[in-house]
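A.B. asks: predicted model, plus sequence, below.
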Amino acid sequence: MALIKEVRGFKPQIGNNCYLAENAVLIGDVVIGADCSVWFHAVVRGDVNSIRIGNMVNIQDGAIIHCTYQTAATEIGNRVSIGHRALVHGCKLEDNVLIGMGAIVMDHALVQTGSIVAAGAVVLENSVIESGWIWAGVPAKPVKKVSGELVRGQIDRIADNYLMYAGWFKHDEQY
């Protein structure tokens with residue numbers, strides 16, 4: 001069973017039909033919507049500020065979701081995929097976003113609907129990724145518009161697949 005830890009009087013709230021891996025960690029002021037999955041070694045740490053996560057979000061293996069004390073909460077919309085070992089910190093991700101493996105999104109950044117942050121990219125503080133763009137590099141910069149094919153082939157496919165994968169692992173552990 002995942003480690004679900006209360007801190008400062010806040011206990012994580014988990015929506016219906018979620019899968020939390022046995023060694024996933026959820027701490028403090030965290031609210032997760034329905035149909036979400038938090039995978040192996042992922043940490044969602046709302047000890048210093050709030051973390052709000054929409055529906056059908058997958059937080060893949062080794063990812064870290066955190067925030068900054070008194071200045072930067074984290075907000076994640078619906079149908080968001082956060083890749084393996086990604087770091088999402090004190091920022092806002094709107095709906096239908098893909099954060100690639102090993103990417104970093106820093107405080108007060110805004111990733112608008114239908115955007116992709118490429119694997120290994122570093123999105124600096126206060127950056128705004130406009131809707132429908134792919135950003136890549138260190139520091140991340142816009143590289144091209146997201147095509148309909150990329151939306152279906154990446155953003156939608158990954159969100160849908162992770163809902164399916166979670167079903168493979170759910171036995172007596174549903175939340």
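C.D. replies: Structure received.
A.B. asks: regarding the protein, what is its longest strand?
C.D. replies: strand 43-53 (DSSP state E).
A.B. asks: buried ones in that one?
C.D. replies: By neighbour count on 16 or more other CB atoms under 10 Å, the buried set for strand 43-53 is 43, 44, 45, 46, 47, 48, 49, 51, 52, 53. (Each C-beta comes from the backbone N, C-alpha and C, glycine too.)
A.B. asks: I'd assumed residue 160 was in a helix, is it?
C.D. replies: Yes - membership of residue 160 in a helix is supported by DSSP: H, G, I helix; E, B strand; the rest coil.
A.B. asks: tell me the SS of residue 163?
C.D. replies: Residue 163 is classified as helix under three-state DSSP.
A.B. asks: from the buried residues of strand 43-53, pick the one nearest residue 155.
C.D. replies: residue 53 (16.7 Å; CB to CB).
A.B. asks: I'd like to know how far the closest one sits from residue 15.
C.D. replies: Computed as CB to CB, to the nearest Å, the residue 53 to residue 15 distance reads 9 Å.
A.B. asks: give me the common contacts of those two.
C.D. replies: Common contact partners of residue 53 and residue 15 (CB atoms under 8 Å, 6 or more residues apart in numbering): 32, 33, 36.
A.B. asks: scan these and report the most crowded one.
C.D. replies: residue 36 (28 neighbours; other CB atoms under 10 Å).
A.B. asks: for that one, which residues are in contact?
C.D. replies: Taking CB under 8 Å, 6+ apart, one finds 14, 15, 18, 19, 53, 55, 56, 57, 58, 59 in contact with residue 36.
A.B. asks: distance to residue 71, pLDDT and secondary structure for those residues - can I get that in CSV?
C.D. replies: Converted to CSV, the contacts of residue 36 look like this (distance: CB to CB, whole Å; pLDDT from 0 to 100; DSSP: H, G, I helix; E, B strand; the rest coil):
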residue, distance to residue 71, pLDDT, secondary structure
14, 26, 98, strand
15, 27, 97, coil
18, 28, 97, coil
19, 32, 97, strand
53, 20, 98, strand
55, 27, 98, coil
56, 29, 98, coil
57, 23, 98, coil
58, 27, 98, strand
59, 22, 98, strand
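A.B. asks: can I get the buried part of these as one PyMOL selection?
C.D. replies: Buried residues within the contacts of residue 36, by 16+ other CB under 10 Å, are selected in PyMOL with:
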select buried, resi 14+15+18+19+53+55+56+57+58+59
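A.B. asks: each with direction, which strands does the longest strand of the chain pair with?
C.D. replies: strand 25-32 (parallel), strand 64-66 (parallel), strand 74-76 (parallel) (DSSP bridges).
A.B. asks: could you dump these to a markdown table with distance to residue 4 and mean pLDDT?
C.D. replies: Formatted as a markdown table, these follow (distance: least, CB to CB, whole Å; pLDDT from 0 to 100):
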| stretch | distance to residue 4 | mean pLDDT |
| --- | --- | --- |
| strand 25-32 | 5 | 98 |
| strand 64-66 | 14 | 98 |
| strand 74-76 | 18 | 98 |
